[in-house]
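Q: Below are the sequence and a predicted model; questions follow.
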Amino acid sequence: MTRIDIAGSIKDRKPVNIGTTFPASQDRVYCYVELSDVARDQRITYAWTMGRDTERITQQIKQSKRWRTWAFKSVAGRKGDWKVDVLDESGQKLGSRTFKVE
């Protein structure tokens, strides 16, 4: 994994308003991922966790020298400490970020 950021939005395929704290009025929070030297087509999974609840979102990525992608989670009004893990097909953690909704 080359890069992982939590952002308030995505514009022109780039994360905008990168941060670790977001207001409860924010509708969505994005996990932006940049990978390099992807050897083969595969799937990655975003595991969004708050408290004891985890929701997984899986995406297909393609063989590429550079691959940028993102997933979002609706967080409006869901105050608390959050974590998102990015996992490869075998479940190995590629990266992780934490953030807070206040």
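A: That came in fine, so what should we check first?
Q: Can you tell me the closest non-neighbouring residue to R40?
A: Excluding the flanking residues, the one nearest R40 by C-beta to C-beta, 6 or more residues apart in numbering is Q63, at 5.3 Å. All C-beta atoms are positioned from the backbone trio N, CA, C, and that covers glycine.
Q: For the residue sitting nearest the centre point of the chain, list each beta-bridge partner.
A: Residue closest to the average C-alpha location in the chain (C-alpha atoms, centre = their mean): C31, at 2.5 Å. Assessed by DSSP bridges, C31 has beta-bridge partners I6, A71.
Q: Run through the residues that contact it.
A: 4-6, 46, 48, 70-73, 84, 86, 97 (C-beta atoms under 8 Å, 6 or more residues apart in numbering).
Q: Let me have those in CSV, extended by distance to V16.
A: Converted to CSV, these look like this (distance: C-beta to C-beta, whole Å):
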residue, distance to V16
I4, 15
D5, 10
I6, 11
Y46, 18
W48, 19
W70, 11
A71, 16
F72, 13
K73, 16
V84, 17
V86, 19
R97, 16
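Q: ok, and the most crowded of the residues you listed?
A: Neighbour counts for the contacts of C31 (other C-beta atoms under 10 Å) peak at V84, which has 25 neighbours.
Q: isn't it right up against T20?
A: No. Using C-beta atoms under 8 Å, V84 is not in contact with T20; the gap is 11.8 Å.
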